[in-house]
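1. Below: sequence and its predicted model.
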Amino acid sequence: MPSSVTPLKPALASTSDRLDLVERPRRNRKSEWARRLVKEHVLTTNDLIWPIFVQEGENLRTPVAAMPGVDRVSIDIAVEEAQRAAALDIPVVAIFPYTDPSLRDATGSEALNAQNLTCRACRAIKAKVPEIGLLTDVALDPYTSHGHDGLLEDGRILNDETVAQLVRQALVQAESGSDIIAPSDMMDGRVGAIRAALDTAGFLDVQIMAYSAKYASAFYGPFREAVGSSGALKGDKRTYQMDYANTDEALREAELDIAEGADMIMVKPGLPYLDIVARLKQSLGRPTFAYQVSGEYAMIMAAAQNGWIDGEKAMIESLTAFKRAGADGILTYFAPRAAEYLRRK
């Protein structure tokens, strides 16, 4: 006996039944070649700066527990890492020292020693890999017994006295071969003072990448372990690092740094502050960088090691997000791994 149920009409069975769409964005996503053709932002090795932690010793690697895949390395191995960076077309490496606690004091005097770890690493790298760019951090926290970026008196960070110390630190780094001086201390007026000192000493071509918007963040913990300042830090850094609730302040800080002679500006941390990156780039139109800090790196690596995310895909997605926000480059511990990925692709 024939069924009394009327068959359903097939969806969009004829031209007249189709959706009346003039725009079909999916056409531009239909295949790999089409997606490549319309890609708006492209990550390349030119966008990468590789932070390297150096320590005393020879042929020595010490894993940083909170940063899987990242080691503190002796200077001879740092040279090898710089050679690797050059081979991967990474343009710049950034040097951060692990200072022996016995060399730390209240004024961070080891920062002024032309034979300190940073200066010796710069000279060794420049001797073997002269084509690589060298970025050095100007701040006192790896050298102070109290873990702060400045001179401390009665619980208060002294601004102008700290700036005078930072100027001397910048000069010894420039003399050692640093190409980019990067003040990360957030003292008022330090960029202008450093620029004037560099110019007077004849270092007219040494660039300044100012940490213009460096926030008092919870994402720095693994870095402090890597440079040995986490146990030393007394109190917090909120009187000089920025309040993470503020954006207008970031713009003012960046404008001041540019007026004082900064060649490039930086936002730190990175992913939680992409709105700051975008605002500074759009408002000021200057070379703008971001630091994908240790806590960001550690979170991605921990989730990947637990099988919760695809670590390689998350790495590339996060780095591309910086480019989308307007960053001209990224300091990232993923730099060598990302460069190898980009080479394969």
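-> Structure's in. What do you need?
2. When you work out contacts or count neighbours from here on, use the C-alpha atoms and nothing else.
-> Will do.
3. how far is the lowest-mean-pLDDT helix or strand in the chain from where the chain is centred?
-> Across the helices and strands of the chain, the lowest-confidence element by mean pLDDT, DSSP states H and E is helix 221-227, at a mean of 87. Relative to its chain's centre, helix 221-227 lies at 14 Å (C-alpha atoms, centre = their mean, to the nearest Å).
4. and residue 290, that's in a helix?
-> No - assigned with DSSP: H, G, I helix; E, B strand; the rest coil, residue 290 falls outside any helix and is strand.
5. Would you confirm that it contacts residue 326?
-> No - counting by C-alpha atoms under 8 Å, residue 290 does not reach residue 326; the two are 9.6 Å apart.
6. Now for the residue lying closest to residue 302 once chain neighbours are set aside: which residues touch it?
-> Spatial nearest neighbour of residue 302, chain neighbours left out: residue 68 (7.8 Å); criterion: C-alpha to C-alpha, 6 or more residues apart in numbering. Residue 68 sits next to 298, 301, 302 when contact means C-alpha atoms under 8 Å, 6 or more residues apart in numbering.
7. Give me the buried positions along the least confident helix or strand of the chain.
-> Counting neighbours by 16 or more other C-alpha atoms under 10 Å, one finds that the buried residues in helix 221-227 are 221, 222, 223, 224, 225, 226, 227.
8. Surely residue 193 touches residue 163?
-> Yes - if you go by C-alpha under 8 Å, residue 193 and residue 163 touch, sitting 7.4 Å apart.
9. Secondary structure element holding residue 266?
-> Assigned by DSSP states H and E, residue 266 belongs to strand 264-268.
10. Average the pLDDT values over that strand and round to the nearest integer.
-> Averaged across strand 264-268, the pLDDT comes to 98.
11. helices or strands next to that strand in the packing?
-> strand 207-214, helix 248-260, strand 288-292 (3 or more C-alpha pairs under 8 Å, 6 or more residues apart in numbering; DSSP states H and E).
12. ok, 10 Å please
-> strand 180-183, strand 207-214, helix 248-260, helix 274-284, strand 288-292, strand 329-332 (3 or more C-alpha pairs under 10 Å, 6 or more residues apart in numbering; DSSP states H and E).
13. and of the ones you listed, who's closest to residue 112?
-> Smallest distance to residue 112 across the helices and strands packed on strand 264-268 (C-alpha to C-alpha): 14.3 Å, for strand 180-183.
14. now that closest one: mean pLDDT?
-> 98.
15. In terms of helices and strands, where is the residue nearest to residue 302?
-> Residue-wise, residue 68 maps onto no helix or strand under DSSP H and E.
16. And it, how far from residue 294?
-> Residue 68 sits 10 Å away from residue 294, going by C-alpha to C-alpha, to the nearest Å.
17. From the chain's centroid, how far away is the strand holding residue 266?
-> 8 Å.
18. how far off strand 288-292 does it point, in degrees?
-> If you take axes from the mean of the first three to the mean of the last three C-alpha atoms, to 10 degrees, strand 264-268 sits at 30 degrees to strand 288-292.
19. Report the strands that pair with strand 264-268, each with its relative direction.
-> strand 207-214 (parallel), strand 288-292 (parallel) (DSSP bridges).
20. Reformat those strands as TSV; add mean pLDDT, mean neighbour count and distance to residue 242.
-> Formatted as TSV, the strands paired with strand 264-268 follow (pLDDT from 0 to 100; neighbours: other C-alpha atoms under 10 Å; distance: least, C-alpha to C-alpha, whole Å):
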stretch	mean pLDDT	mean neighbour count	distance to residue 242
strand 207-214	98	27	6
strand 288-292	98	26	15
